[in-house]
Each structure stands twice: as C-alpha cells, then as structure tokens.
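Student: no sequence for this one, just the structure:
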C-alpha cells in the first residue's frame, strides 16, 4: 500500500482523538472547538477530503489506553518513550509547560522546593508530567487522580499540598481563585506531537511531513 495521507481516513472519516483536558492545545465550548490540535485535525481532514470526527477524551492517559482499541485514527500526545511501545510520533509541533498549583497560604514558592519529605503531590494518571514525576521524584509523595479536571477538583477540596498540570489548564481551571497560587517555575517542558496507533505505523512518515509543512508555513504559529 502506498503511504499517503489519504490512507489515514476510515471510509472518508478521520477519527481524531481530542484531549479536552489540555487547554494549551484544545478549548471546547459546547460543540465549538478551538486551539492548535483541532486546527491541525481540520487541516489534515481537509487535505485528504475526509470528515473530521472528534473523539473526545478528558485525559491523555485515556487516549493512550485506547490506542489499540480502534477508537481513533490520529491523535495528539506528548512524546514519551513508554508510549512509543504502542503509538508512533511525529516530530513535536509545539512545546508546552507543566507546573504546579499550591494553596495561597502555602510556603511552597518554587517548583524545586516540592520534592521533599512530607510534601504530597497530586497528578493525573498517564499524563506526560505524571510520567516525568514518576521518574524524577525522590522524596515527595506522589498521588494520582483520573483526569486533569478531576485532580484539580480534588486539590481544591483539600487533597495534597500541590497539583501538577499544564500551565494553561491550571490557569483555566483555577482562574482568579484567591485560595490557589500557580507557581511561575517549570516542572517539565512537554513536547507535543501528532500520533498514530501502532509503534511501527507505516503512515507516520507522511504524517510527519504534514506536521513539517504546517510548521514551515506558520500554520502552527498562527493557531498557538
């Protein structure tokens, strides 16, 4: 089979995994989508003459879990070596920041201060920053919740000393909440890519070419 973008579609329908838990990439108001991920998805669908069919998820871990369940044709995830066991990545099209939110009354002021005994950190299961914390933490206690919104809500209700998240998602959830403070430092920089199911998917090369063009013609920059 010739490796062309058209081969990505399934009966002229392009099922796109959309993670609404990452507000740096996706903003959803009812049926209206904005942000770089849906913009790239629509451009891809238009190029191959397919209908873009969003498949919504509220966390990156759930997108990854469904990679071998024939639920989506293309998606957007952070590059991570553990995920590479069952999905294929393009080059990164954007790099976003993850950080922590703490309570306004907390004496924790810097990301580097959080990895110490007696500090409990909350994260979203399967997220890129969860994987980073799992590998890097030495002293703090790490607890997990299902999705970013769930972890943020549980933190607001009193669970743990800090909650990790993509900066834009933390800002979107907590807004001007006077009881929560978002740290200015960076926990980790997350390289976001388009992905295909299957570690050795033969179409990843043409999808990577698509991303290269979208970066070169400043489509990505225009939708950040």
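Tutor: That came in fine, so what should we check first? What you see is a predicted model, and the numbers here were worked out from it, not measured in a lab.

Student: got the domain boundaries for the protein?
Tutor: Domain segmentation of the chain under automatic domain parsing yields 5-94+191-223, 96-188.

Student: now mean pLDDT too, for the ones you listed, in a markdown table please.
Tutor: A markdown table is the format used below for the domains of the chain (pLDDT from 0 to 100):
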| stretch | mean pLDDT |
| --- | --- |
| domain 5-94+191-223 | 95 |
| domain 96-188 | 95 |
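
Student: a markdown table please, covering these and showing mean neighbour count.
Tutor: Heads up, the C-betas are built off the backbone N, CA and C, glycines and all. Below are these laid out as a markdown table (neighbours: other Cβ atoms under 10 Å):
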| stretch | mean neighbour count |
| --- | --- |
| domain 5-94+191-223 | 18 |
| domain 96-188 | 18 |
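
Student: now the strands for this protein?
Tutor: 13-19, 27-29, 32-34, 51-57, 75-78, 87-89, 94-103, 120-124, 141-145, 162-166, 180-182, 188-197 (DSSP state E).

Student: mind listing the helices for the protein?
Tutor: With helices called from DSSP state H, the chain shows them at 36-48, 60-65, 128-136, 148-156, 167-174, 204-216, 219-223.

Student: so which of these is nearest residue 81?
Tutor: The closest approach between residue 81 and any of the helices of the chain, judged by Cβ to Cβ, belongs to helix 128-136 at 9.0 Å.

Student: got the angle for that closest one vs strand 141-145?
Tutor: Angle, helix 128-136 to strand 141-145, by axes from the mean of the first three to the mean of the last three Cα atoms, to 10 degrees: 150 degrees.

Student: residue 93 reaches residue 219, doesn't it?
Tutor: No. If you go by Cβ atoms under 8 Å, residue 93 and residue 219 don't touch, sitting 9.5 Å apart.

Student: for those two, list the residues in contact with both.
Tutor: With contacts defined as Cβ atoms under 8 Å, 6 or more residues apart in numbering, the residues shared by residue 93 and residue 219 are residue 40.

Student: follow-up on the earlier one: of all the helices of the chain, which one is nearest residue 187?
Tutor: helix 128-136 (5.8 Å).

Student: ok and the closest one relative to strand 120-124, angle-wise?
Tutor: In terms of direction (the same axes, to 10 degrees), helix 128-136 departs from strand 120-124 by 140 degrees.

Student: show me what helix 128-136 packs onto, helices and strands only.
Tutor: On a contact count with 3 or more Cβ pairs under 8 Å, 6 or more residues apart in numbering; DSSP states H and E, helix 128-136 meets strand 94-103, strand 120-124, strand 141-145, strand 162-166, strand 188-197.

Student: tabulate those strands in CSV, adding columns for distance to residue 38.
Tutor: Formatted as CSV, the helices and strands packed on helix 128-136 follow (distance: least, Cβ to Cβ, whole Å):
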stretch, distance to residue 38
strand 94-103, 13
strand 120-124, 21
strand 141-145, 25
strand 162-166, 16
strand 188-197, 12
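
Student: compare those strands and give me the one nearest residue 212.
Tutor: Shortest distance between residue 212 and the helices and strands packed on helix 128-136, using Cβ to Cβ, is found for strand 188-197: 11.1 Å.

Student: sheet partners, orientation included, of that closest one?
Tutor: Sheet pairing for strand 188-197, assigned by DSSP bridges, gives strand 75-78 (antiparallel), strand 87-89 (antiparallel), strand 94-103 (antiparallel).
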